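Novice: From the sequence below, what's the structure:
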Amino acid sequence: MSLDVGSKTIGVAFYRSCVRVAIPHKTLLRYKQDIDSDIKSVLKLVGQEEIDAVVIGMPVQLNREESESSRLVRAFTQKLLEYCDGMSLELPITFYDERFTTSMANQILKEAKMKRKQRNKVDNEVAAAIILENFAAKALL
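Specialist: Numbering: from 1, shown residues only. This is a model prediction of the structure:
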């Protein structure tokens with residue numbers, strides 16, 4: 001499972017090992033910065049899909065320094081780990097560089113002739129799939 005965590009949405013994608021492909025799943029709307037509700041939504045998917053690991057996109061700047069977005073992702077991840085500990089759930093979490101994934105997702109969707117309004121609804125889940133594809137490709141090398 002891959003997450004593209006933003007301030008307004010969380011893009012979700014799943015990896016299907018039988019066909020070795022990442023598939024965009026959905027975009028979760030964040031609840032007025034209610035991180036507990038966000039975590040519960042993610043953990044519901046973890047349970048439903050029997051997820052055994054999560055890759056979370058880490059937004060770093062071109063100079064590799066962290067940004068406000070990076071701190072938001074780290075805070076989200078820390079809270080997710082706290083919930084997992086409280087549930088005695090072992091869920092390995094790995095960060096992966098997500099630079100340019102939303103731009104790449106928008107380009108792919110543009111080429112598919114999607115209108116901007118439609119693209120904005122799914123670009124984060126497509127970005128999550130790109131993160132997961134890149135991670136899987138690197139892991140398989």
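Novice: What ranges in the chain fall below the confidence cut-off?
Specialist: 140-141 (pLDDT under 70).
Novice: Just the helices from it, written as ranges.
Specialist: For the chain, helices defined by DSSP state H occupy the ranges 35-49, 68-86, 101-111, 116-140.
Novice: Just put those helices in TSV and tack on distance to K26 and mean neighbour count.
Specialist: Using the backbone N, CA and C atoms, a C-beta is placed for each residue, glycine as well. Formatted as TSV, those follow (distance: least, Cβ to Cβ, whole Å; neighbours: other Cβ atoms under 10 Å):
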stretch	distance to K26	mean neighbour count
helix 35-49	8	15
helix 68-86	17	15
helix 101-111	14	17
helix 116-140	6	19
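Novice: Got phi/psi on the residue of the chain positioned farthest from its centre?
Specialist: Residue farthest from the centre of the chain, counting by Cα atoms, centre = their mean, is K113 at 23.9 Å. Dihedral angles of K113 (phi, psi; degrees, to the nearest 10) stand at phi 70, psi 30.
Novice: For it, list the residues it contacts.
Specialist: K113 makes no contacts at all, as judged by Cβ atoms under 8 Å, 6 or more residues apart in numbering.
Novice: Relative to T27, how far out is it?
Specialist: Distance, K113 to T27, by Cβ to Cβ, to the nearest Å: 20 Å.
Novice: What of S7?
Specialist: 13 Å.
Novice: Look at these two and report which has more neighbours.
Specialist: T27 (21 against 10; other Cβ atoms under 10 Å).
Novice: isn't the more buried one right up against R119?
Specialist: No: in this structure, T27 is not within contact of R119 by Cβ atoms under 8 Å, at 11.4 Å.
Novice: Overlap of the contact sets of these two?
Specialist: Here T27 and R119 have no joint contacts, going by Cβ under 8 Å, 6+ apart.
Novice: burial measure for S67, as a count.
Specialist: Number of residues near S67 (other Cβ under 10 Å) recorded here: 11.
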